[in-house]
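Asks: Have a look at this prediction, sequence included:
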Amino acid sequence: MGTDDGLREHLLNILRNTTERRFEWAVKDFPEGFVNARPPNVEYTPWHLIEHMRVGQWDILEYIRKPGHASPSWPNEYWPPQGQQADADAWRRSVDAFRADRKVLEELIADPTTDLLAPMPHKTGHTVLREALLVVGHIAFHVGEFAILRQVMQTWPPDRDQ
């Protein structure tokens, strides 16, 4: 295995551990009745947080794939409006869209024709590796936050896996 292959595999392992295994663990069996709950001293709901993770990941994926991509306006377009609520279908759509974009990002990284270290043509100093690591960091932070919300709201099943 060459250095490029080793780096690619290492990055995929980090991405899968954070955005797949940990995300799936955090959202598993989340009770529908709590998607719009606001824990004390928190300005957003669990659905808002999932939707924020989805938008952030989608934005970086589009930034990688489309040089002319215009990112949403920060912070308003990265979060649903505070009063907006989700029903069960909106929750599933957010989770499913996050999964779909994660899969596309993994495929892009796994593709041996993707040069992880090449400067992006539309932004000097930015690489696919940099952008993928931004996704990992952002999702890791918010998955931890989501897990804490679950603890505070007491929505973890009693027999959950650690």
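Replies: That came through, no problem.
Asks: How far does the lowest-mean-pLDDT helix or strand in the chain sit from its chain's centre?
Replies: Scoring the helices and strands of the chain by mean pLDDT, DSSP states H and E places helix 3-15 at the bottom, with a mean of 92. Taking C-alpha atoms, centre = their mean, to the nearest Å, one finds the center of helix 3-15 at 18 Å from the center of the full chain.
Asks: do the same with stretch 99-113
Replies: Distance of stretch 99-113 from its chain centroid, counting by C-alpha atoms, centre = their mean, is 13 Å.
Asks: just for this structure, where's the confidence low?
Replies: Counting by pLDDT under 70, the chain contains low-confidence residues at 1-3, 161-162.
Asks: quick one on the thing from earlier: packing partners of the least confident helix or strand of the chain?
Replies: On a contact count with 3 or more C-beta pairs under 8 Å, 6 or more residues apart in numbering; DSSP states H and E, helix 3-15 meets helix 88-110, helix 128-153. The C-beta positions use only the backbone N, C-alpha and C, and glycine is treated the same way.
Asks: which one of those helices lies closest to Val55?
Replies: Val55 sits nearest to helix 88-110 of all the helices and strands packed on helix 3-15, at 9.2 Å, using C-beta to C-beta.
Asks: one step back: can I get the helices and strands packed on helix 3-15 in a markdown table including mean neighbour count and distance to Asn13?
Replies: Output for those, formatted as a markdown table (neighbours: other C-beta atoms under 10 Å; distance: least, C-beta to C-beta, whole Å):
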| stretch | mean neighbour count | distance to Asn13 |
| --- | --- | --- |
| helix 88-110 | 16 | 11 |
| helix 128-153 | 17 | 11 |
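Asks: related to what we said a few turns ago, give the next helix or strand downstream of the least confident helix or strand of the chain.
Replies: Moving toward the C-terminus from helix 3-15, the next helix or strand (DSSP states H and E) is helix 23-27.
Asks: Only C-alpha atoms, please: export that following helix in CSV.
Replies: Provided in CSV are the C-alpha atoms of helix 23-27 (Å, rounded to 0.1, in the frame of the first residue of the first chain):
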residue,chain,number,x,y,z
PHE,A,23,-23.6,9.4,14.4
GLU,A,24,-25.6,6.2,14.1
TRP,A,25,-25.1,5.4,17.7
ALA,A,26,-26.3,8.9,18.8
VAL,A,27,-29.5,8.9,16.7
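Asks: The helix or strand following that helix: which residues count as buried?
Replies: Sequence order places helix 46-65 as the next helix or strand after helix 23-27, per DSSP H and E. By neighbour count with 16 or more other C-beta atoms under 10 Å, helix 46-65 contains the buried residues 46-64.
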